[in-house]
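Sharing a model that was predicted from the sequence below.
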Amino acid sequence: MTTGSSVTPQAAEGDRMQKLSASGHERSALKRNGLVDRVFEITTRGSALLVLLLLGTITGSLILAGWPALSELGLSFFTDDRWAANVNRFGALPAIYGTLVTSLIAIAIAIPVSLGIAIFLTEICPPKLRRTIGTMVELLAGVPSIIYGMWGMEVLAPFLQSHFPSVFPAGTGLTTAGLILAIMIIPFITAVTRDVMNTVPSIMRESAYGLGCTTWEVVRHVIFPSVKAGMLGGVILGLGRALGETMAVTFVIGNNLFLNATVTGQGTSIAALIANQFSEADGLQRSALLLLGLVLFLITFAVLALARFMLNRMNQRAPS
Amino acid sequence: MNPVYRRRRMTNRIIMMASLLASAFGVIWLFLILLTLVTKGVPALSLDVFTERTRMSGGGLGNAILGSLIMTALATVGGTIIGIAAGTWLAEYGGRSRLANLIRFINDVLLSAPSIIIGLYIYAVVVLPMGHFSGWAGVAALMVIIIPVVIRSTEDMLLLVPNSLREAAAALGAHRWLIVLRVCYSGARAGITTGVLLGCARISGETAPLLFTALNTNQWNFFNMGSEMPNLPMVLYQNMTINSFIPAQVALAWAGALILTAAVLILNILARVSAARSQK
């Protein structure tokens, strides 16, 4: 201890105690900061809980608003093959059929193309070009869906009509919608597939090349097996997008409210039907449309939840 | 050359060729769409498009552009505040707790929920009780769409801030809120900005959620949020469907489509620039 000779040990002890204990000012600052801490945590937690509230109120409000239609129409809502507001017939079958068929067509086209792009981007593309092509694909995802719709109606549908009149007599229809949807979801599936393929450690690629594998054999036997779950998650994510897409589909699907059990004919989808009729709907029709919205929400929720589940499992395994 | 090797090489060539073609197929649509937008949109562009209001025939898009800007800006500001707060909780307080995992999962699902459902939801909880369509309803719908985007990017970016920085600040006696505000946010700022810009780009092109919330009108609307709000996507939709028999309206719609796409793509590119800067 190096206290000055003029200070007694007792006085030095007291001095030290005073330095160690907080002054009134410091104590109030501590208290204030503790309060701010608590307020900060409570506010942010409240915002986070808002997400749960959102899901709850979306489901709740759609159930409440769709209930009158469900109790009035019962199961015939799902089995009736015609939607005609003027005669009070609300059968969701044409819309559900159209939604499923367009989405499946979109997925069938998008899977091979997205896989091809992902293989190109991760395995064979020169690094300089990789960024450019990646950006272009991602910009494609940024184009608003109404632009796809306008383009589909004004360019793609007339093109199909004039070049394949036997398949597309009107140009518009379920397949045209599926094609537009495929263009829209390719970027999503590509992005996920590329990201999960990039998580494969390059040492695995190099060992396979070292054994004399061709690029395709590396992709087929080394990369695909280890990212299967993630790729499937990406595909299901794209499916979820396609199911709920509204504006692009509305323009090119043909808006035929009778069940047309073909693949190329004109039809409608859940989202397109809602977009077309909701603003002029009233009473039972409005309730039926809201019920249709609930059906769409439940389908997409299940699909997206499945996709997330698979992707999360993938992420837990991948070394980040 | 041995035949097995030749066959393997052929297969490889064919598949790699196919993947090259797939890339061309995937990218060509961007050019085709941009080409259509330019050839149809540029001839219809004029100063009137920006200054005149929409009319039954002729006119411009001024009120619609203004309305879209107002609604997008308000929704972006509101959504950013809520989204950053929620993302902060997930990254800084929630951790691996069951509640945080549930919120994360639900948020990821909401991230790609169909936007028309959001429109129906806001119709049911805002428009029906109020009794009429309004700009506020449109803002609410857009906010519901942007919030999950901001939450996701905020959380991801905060998790990238190394824990040693937090520990260093805590060792200096900083309280947790101060650490988050001064240390974590300044580290994650560029990344969060990217997320906000991407979200903003997404909502500025959304049409479906505005169909039954903000609706549309031919009048100018300066911040009268309680009444119907003109907006660009709705004008495009109406001009291409119920007004499509008027050639001038269709031409105007293509001019609007060009403006909208340009704005959205510029926001996307800005986001990308900001992301590139955050990686340095």
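Sure thing, it's come through.

where exactly do the strands run in chain A?
For chain A, the strands defined by DSSP state E occupy A:83-84, A:89-90.

can you check the stretch 101-250 of chain B too?
Per DSSP state E, counting those that start in this stretch, the stretch 101-250 of chain B carries no strands over any range.

Please enumerate the helices of it.
In the stretch 101-250 of chain B, the helices defined using DSSP state H, counting those that start in this stretch lie at B:115-122, B:128-130, B:135-160, B:163-171, B:176-178, B:185-204, B:232-240, B:247-279.

what's in contact with the fifth one?
Put plainly, it is helix B:176-178. By C-beta atoms under 8 Å, 6 or more residues apart in numbering or on different chains, the residues outside helix B:176-178 that reach it are A:33, A:36-37, A:40-41, B:92, B:169-170. Where C-beta positions appear, they are placed from N, C-alpha and C, glycine not excepted.

now do the first one
Residues external to helix B:115-122 that are found in contact with it (C-beta under 8 Å, 6+ apart): A:57-58, A:61-62, A:65, A:244, A:246, A:271, A:274-275, A:278, A:289-290, A:293, A:296-297, A:300, B:137, B:140-141, B:144-145, B:206, B:208-213.

Tell me how many other residues surround the closest residue to B:V183 other than its chain neighbours.
Nearest non-adjacent residue to B:V183, counting by C-beta to C-beta, 6 or more residues apart in numbering or on different chains: B:A169, 4.8 Å away. Look at B:A169: counted by other C-beta atoms under 10 Å in any protein chain shown, it has 18 neighbours.

For B:A169, report the pLDDT, please.
Per-residue pLDDT puts B:A169 at 94.

what does A:R16 give?
pLDDT at A:R16 comes out at 63.

what's near enough to touch B:T36?
By C-beta under 8 Å, 6+ apart, the contact set of B:T36 is A:151, A:154-155.

and these, which are buried?
A:151, A:154 (16 or more other C-beta atoms under 10 Å in any protein chain shown).

which of the contacts of B:T36 come close to chain B?
A:151, A:154-155 (C-beta under 8 Å from any C-beta of the partner chain).

Just the pLDDT at the residue nearest in space to the middle of chain B, thanks.
For chain B, the residue nearest the mean C-alpha position is B:R202 (1.5 Å; C-alpha atoms, centre = their mean). pLDDT recorded at B:R202 is 92.

sorry, back to before: so which of the helices of the stretch 101-250 of chain B has the densest surroundings on average?
Stretch with highest mean neighbour count among the helices of the stretch 101-250 of chain B: helix B:115-122 (a mean of 28; mean count of other C-beta atoms under 10 Å in any protein chain shown).

Between helix B:185-204 and that one, find me the angle.
90 degrees (axes from the mean of the first three to the mean of the last three C-alpha atoms, to 10 degrees).

State the mean pLDDT of helix B:115-122.
For helix B:115-122, mean pLDDT rounds to 94.

Report the angle between that helix and helix B:135-160.
Using the same axes, to 10 degrees: helix B:115-122 against helix B:135-160 is 120 degrees.

ok, back up a step: same list, the helices of the stretch 101-250 of chain B, but as JSON lines with distance to B:V27 please.
JSON lines is the format used below for the helices of the stretch 101-250 of chain B (distance: least, C-beta to C-beta, whole Å):
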{"stretch": "helix B:115-122", "distance to B:V27": "25"}
{"stretch": "helix B:128-130", "distance to B:V27": "44"}
{"stretch": "helix B:135-160", "distance to B:V27": "25"}
{"stretch": "helix B:163-171", "distance to B:V27": "40"}
{"stretch": "helix B:176-178", "distance to B:V27": "46"}
{"stretch": "helix B:185-204", "distance to B:V27": "19"}
{"stretch": "helix B:232-240", "distance to B:V27": "25"}
{"stretch": "helix B:247-279", "distance to B:V27": "14"}
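
circling back: can you add pLDDT and give the contacts of B:T36 back as a markdown table?
As requested, these are exported to a markdown table (pLDDT from 0 to 100):
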| residue | pLDDT |
| --- | --- |
| A:W151 | 95 |
| A:E154 | 91 |
| A:V155 | 93 |
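
quick one: which of the contacts of B:T36 is nearest A:F258?
Ranked by distance to A:F258 (C-beta to C-beta), those are led by A:E154 at 25.8 Å.

Tell me which residues touch that closest one, please.
For A:E154, counting by C-beta under 8 Å, 6+ apart, the contacting residues are B:36, B:40.

what about residue 206, neighbour count?
All of this refers to chain A. Applying other C-beta under 10 Å, we find 11 residues neighbouring A:E206.

Chain B, not that one
27.

what do you get for A:F224?
A:F224 - counted by other C-beta under 10 Å - has 15 other residues nearby.

Equivalent analysis for A:D195, please.
18.

got it, and A:D81?
15.

what's the nearest residue to it if we skip its chain neighbours?
The shortest distance from A:D81 to any non-neighbouring residue, by C-beta to C-beta, 6+ apart, is to A:L259 (3.8 Å).

how near is the one you found to A:N276?
17 Å (C-beta to C-beta, to the nearest Å).

With A:E206 instead?
55 Å.

again with B:T261
Distance of B:T261 to A:N276, computed by C-beta to C-beta: 24 Å.

and what of B:M56?
Distance from B:M56 to A:N276, counting by C-beta to C-beta: 21 Å.

Kindly report the same for A:L115.
According to C-beta to C-beta, A:L115 stands 35 Å off from A:N276.

Kindly report the same for A:A106.
20 Å.

One more: A:G66?
For A:G66, the distance to A:N276 - C-beta to C-beta - is 18 Å.

Would you mind telling me which of those two has the busier surroundings?
Neighbours were counted for A:G66 and for A:N276 using other C-beta under 10 Å; A:G66 has more, 23 against 19.

okay, now A:A208: neighbour count?
Residues near A:A208, counting by other C-beta under 10 Å, number 18.

How about the one 5 residues further on?
For A:C213, the tally of surrounding residues (other C-beta under 10 Å) stands at 18.

hang on, isn't it packed against A:V222?
Yes: between A:C213 and A:V222 a contact is recorded at 7.5 Å, counting by C-beta atoms under 8 Å.

show me where chain A has helices.
Per DSSP state H, chain A carries helices over the ranges A:9-20, A:24-73, A:76-79, A:93-119, A:127-142, A:145-151, A:157-163, A:174-198, A:202-210, A:215-218, A:224-244, A:247-252, A:270-277, A:283-317.

Tell me which of those sits most buried.
Comparing the helices of chain A by mean neighbour count (mean count of other C-beta under 10 Å), helix A:247-252 ranks first with a mean of 29.

For A:V167, which non-adjacent residue is closest in space?
Of all residues not flanking A:V167 in the chain, A:T264 sits nearest, at 5.5 Å (C-beta to C-beta, 6+ apart).

now the one you found: how far from A:L64?
According to C-beta to C-beta, A:T264 and A:L64 sit 39 Å apart.

same deal with B:I246?
From B:I246 to A:L64 the distance is 40 Å (C-beta to C-beta).

repeat for A:G244
Taking C-beta to C-beta, one finds A:G244 at 21 Å from A:L64.
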